[in-house]
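> sequence-free structure coming up:
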């Protein structure tokens, strides 16, 4: 299994292609702009596309769904709380088996109600707009909730393996990737002593 990262559009989005090299199959994560690049990658590597997996339902992470689905026949996977049309619903802790790999769903509301992180083979985590390199997703968009973001960060993410490689939903930081341990040490969102401090800062 390998993961290809594509920087697309004018909002510094990342689209990812998770590749099962053994079976020549793929999952496209958060298709949006520049789909021709994604389709060319699939063609050049003789890959089929089984799933579209969205980290959340904000437009810049899903508006490529229809084109990818009609072109490749892929099924759309989203968290069960997503208000959008989907083929497969997932919930916190569920596992998607893909070739020899396992993708664990971590429900991390805060940026949106249906935000999820994807842990792949206990090595890599796609964080969507929950956590970026050096920051976290906005809380003032539809579905945003600072209480839920605090619970997601301090109730779930801080308990994960620091060796996880972080692949965010946008290129908003100093690098395109990080590790969870580096974010523990340098990302301000992990520095608050309690929820009160977190909420005060986020609302300021």
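Happy to help now that I have it. Since the model is a prediction, treat every value here as computed from it, not as a measurement.

> show me what the residue nearest to residue 80 when sequence neighbours are not counted bridges to in the sheet.
Residue nearest to residue 80 in three dimensions, not counting chain neighbours: residue 89, with 4.0 Å by C-beta to C-beta, 6 or more residues apart in numbering. Heads up, the C-betas are built off the backbone N, CA and C, glycines and all. On the basis of DSSP bridges, residue 89 is bridged to residue 78.

> surely residue 89 touches residue 83?
No: look at residue 89 against residue 83 with C-beta atoms under 8 Å: they stay out of range, at 11.9 Å.

> pLDDT score for residue 95?
Per-residue confidence at residue 95 stands at 98 (pLDDT).

> same question for residue 204.
On the pLDDT scale, residue 204 is placed at 83.

> any idea how far residue 2 is from it?
From residue 204 across to residue 2, the span is 41 Å (C-beta to C-beta, to the nearest Å).

> of these two, which one has the most company?
Set residue 204 next to residue 2 and count neighbours by other C-beta atoms under 10 Å: residue 2 wins out with 10 against 5.

> can you say which helix or strand has the nearest residue to the more buried one once chain neighbours are set aside in it?
Once flanking residues are discounted, residue 2 sits nearest to residue 19: 5.0 Å by C-beta to C-beta, 6+ apart. Using DSSP states H and E, residue 19 sits in strand 13-20.

> so what's residue 65 up against?
For residue 65, the contact set (C-beta atoms under 8 Å, 6 or more residues apart in numbering) comprises 31, 52, 54, 76.

> burial of the second one, as a residue count?
Residue 52 sits with 25 neighbouring residues when counted by other C-beta under 10 Å.

> and if you look at residue 45?
13.

> give me the pLDDT for it.
According to the prediction, residue 45 has pLDDT 98.

> SS state for residue 197?
Secondary structure of residue 197, reduced to three states by DSSP: H, G, I helix; E, B strand; the rest coil: helix.

> how about the strands in this structure?
Using DSSP state E, the strands of the chain run over residues 2-8, 13-20, 25-29, 51-53, 75-79, 88-90, 95-98, 101-107, 116-120, 124-128, 131-132, 135-136, 165-168, 178-179.
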